[in-house]
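A.B. asks: Below is the structure, and that's it, no one-letter string:
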Ligand code: FRU
């Protein structure tokens, strides 16, 4: 039965009130990462700065900790530190989105905030239908749906979704994640002058396009934008087999650097690089703000992977967003840095200079925390045959191995509590900036050269941080306690 927007909102308010009444302490609610008030959060959507305020919408199933009929939840912030939970923006209450207002993006036009999203429909035969829809807001909070603006072109299955819209030389462009009829992943480009009628320009990237061979059965959440004098194309392909240290999560998120030829609708690009080397990162989306920064949020989770064993489900919620990251292109490599506003979260500081590690593991006075930022700067090149390990809350370990030129993150599996690993190649280790939250870690390596993101569920009271090496090593370390803002 299709529910009206008002019915969904009424139910939502009732459940939020219930939840506030039964409010049990939950040690895994995050201190400074966005999470759903209740239910399940997945992709960031409609990320935009509108009238000076950052709007971050998100895929939200408020009524269960499973995927289902998604709404667009909505947070706003002026500084990525203080967030306001706004009224639900889109509900699956129309024939064209009745089984979910799926992912999409936002633009500003004539002072209005306009969002594009995928209406997901299961018809009476149980088959999927997909509609790319538009909704308009004057104030950035209340949306009027305009319905579908684009239907499925021939040559694709109904796995056709996640429109990202931008403007270039006075025209609008939309890129969509797709599966072509031969069941391979594609990214499909459209153009428009009025945002309402869209011309199909074809697949600009995908498996078996541009000399790329097999590259998955579906591409989700595409995002294409200029950075410096190049174009960056971010996408989340599904169906890529693990290859050594690469592609070890169930689904991937990464980027191609290249150039989009708008006249011929052709994208020439280099290889695919994973954006994050950790366990929990998917469906990133970017926007550009009035400081000219290209900012990225991603879902700090993955569809299907480990979802059953998240302990927070018992408390009626699951998943969170990453921290906002600022993108920089150096050559053909994307560097990701935590948005500098996050420094406002820093409270008490503890610093140790010229710590000398020998073969004995060390804990350092005051270097501990369950919600903390840790900055470790190596004073010299890590010597040959050396491993250097930082253990976080006895749940996660980061190890640099100078022989293998490899950085590893291990964590304990959520339920089984056995170790699992992710690795990446790293020639030199200069610094580690580690954001520890009650149930997550994000590790920015060498000023953003690599990032590892993971949820962790340690013993809530465990705040230990231990340093170990198998030969002499010198570093400086600073720790800030972080504010609880959420
Ligand atoms: C990615 C995704 C999108 C879809 C949305 C549904 O995680 O599967 O392709 O629009 O989530 O919630």
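C.D. replies: Okay, I see it. Note that the structure is a prediction, hence the values are computed from the model and not measured.

A.B. asks: Identify the residues contacting stretch 119-132?
C.D. replies: Defining contact as Cβ atoms under 8 Å, 6 or more residues apart in numbering, one finds that stretch 119-132 is touched by 70, 92, 94-102, 104, 116-118, 133, 147-152, 158-161, 163, 174, 176, 198. In this view, the C-beta of every residue, glycine as well, is placed from N, C-alpha and C.

A.B. asks: Please list the residues of this structure that sit near the ligand.
C.D. replies: 42-43, 59, 70, 102-103, 118, 161-162, 220-221, 282-283, 303 (Cβ under 6 Å from any ligand atom).

A.B. asks: As a markdown table, those with pLDDT and secondary structure would be great.
C.D. replies: Putting these into a markdown table (pLDDT from 0 to 100; DSSP: H, G, I helix; E, B strand; the rest coil) gives the following:
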| residue | pLDDT | secondary structure |
| --- | --- | --- |
| 42 | 98 | strand |
| 43 | 98 | strand |
| 59 | 98 | strand |
| 70 | 98 | coil |
| 102 | 98 | strand |
| 103 | 98 | strand |
| 118 | 98 | strand |
| 161 | 98 | strand |
| 162 | 98 | strand |
| 220 | 98 | strand |
| 221 | 98 | strand |
| 282 | 98 | strand |
| 283 | 98 | strand |
| 303 | 94 | coil |
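
A.B. asks: From these, list the buried ones, please.
C.D. replies: 42-43, 59, 70, 102-103, 118, 161-162, 220-221, 282-283, 303 (16 or more other Cβ atoms under 10 Å).

A.B. asks: Mind putting those residues into CSV with distance to residue 30?
C.D. replies: Output for those, formatted as CSV (distance: Cβ to Cβ, whole Å):
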residue, distance to residue 30
42, 16
43, 18
59, 18
70, 21
102, 25
103, 22
118, 28
161, 28
162, 25
220, 24
221, 22
282, 17
283, 18
303, 20
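
A.B. asks: List just the nearest of the residues you listed to residue 448.
C.D. replies: residue 282 (19.3 Å; Cβ to Cβ).

A.B. asks: hang on, that closest one packs against residue 298?
C.D. replies: Yes - using Cβ atoms under 8 Å, residue 282 makes contact with residue 298 at a distance of 6.4 Å.

A.B. asks: Need the residues touching each of those two.
C.D. replies: residue 253.

A.B. asks: Please name the bridge partners of the residue nearest to residue 418 when sequence neighbours are not counted.
C.D. replies: Distances taken as Cβ to Cβ, 6 or more residues apart in numbering place residue 412 nearest to residue 418, at 6.9 Å, with adjacent residues excluded. Under the criterion DSSP bridges, residue 412 forms beta bridges with residue 419.

A.B. asks: Could you check how many residues crowd around residue 412?
C.D. replies: 18 (other Cβ atoms under 10 Å).

A.B. asks: On the three-state scheme, the residue nearest in space to the middle of the chain is what?
C.D. replies: Nearest to the mean C-alpha position of the chain, counting by Cα atoms, centre = their mean, stands residue 298 at 1.0 Å. Using DSSP: H, G, I helix; E, B strand; the rest coil as the criterion, the local structure at residue 298 reads strand.

A.B. asks: now swap in residue 6 and tell me
C.D. replies: helix.

A.B. asks: Give me the pLDDT value at it.
C.D. replies: Residue 6 carries a pLDDT value of 94.

A.B. asks: Over to the one 3 residues further on?
C.D. replies: According to the model's per-residue confidence, residue 9 sits at a pLDDT of 93.

A.B. asks: how does this protein divide into domains?
C.D. replies: Using automatic domain parsing, the domain ranges for the chain come out as 5-338, 346-482.

A.B. asks: circling back: for PyMOL, write the select line for the buried members of the contacts of stretch 119-132.
C.D. replies: Buried members of the contacts of stretch 119-132, defined by 16+ other Cβ under 10 Å, are picked up in PyMOL with:
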select buried, resi 70+92+94+96+97+98+99+100+101+102+104+116+117+118+133+148+149+150+152+158+159+160+161+163+174+176+198
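
A.B. asks: what's the lowest-mean-pLDDT helix or strand in the chain in contact with?
C.D. replies: Lowest mean confidence among the helices and strands of the chain (mean pLDDT, DSSP states H and E): helix 5-21, at a mean of 91. Outside helix 5-21, the residues within contact range by Cβ under 8 Å, 6+ apart are 3, 37-38, 62-63, 71, 87-88, 91-93, 316.

A.B. asks: in stretch 198-206, what's buried?
C.D. replies: 198, 200-201, 203-206.

A.B. asks: Take the residues you listed and keep only those in helices.
C.D. replies: Cross-referencing the buried residues of stretch 198-206 against helices under DSSP state H gives no overlap.

A.B. asks: Out of those residues, which is nearest to the ligand?
C.D. replies: Closest to the ligand out of these is residue 206 (15.0 Å), distances taken as Cβ to the nearest ligand atom.

A.B. asks: gap between the nearest residue to residue 53 once chain neighbours are set aside and residue 52?
C.D. replies: Counting by Cβ to Cβ, 6+ apart, residue 53 lies nearest to residue 76, which is 5.3 Å off, once chain neighbours are set aside. According to Cβ to Cβ, to the nearest Å, residue 76 stands 11 Å off from residue 52.

A.B. asks: got it, and residue 450?
C.D. replies: 33 Å.

A.B. asks: Comparing those two, which shows the higher neighbour count?
C.D. replies: Using other Cβ under 10 Å, the more surrounded residue of residue 450 and residue 52 is residue 450, with 20 against 8.
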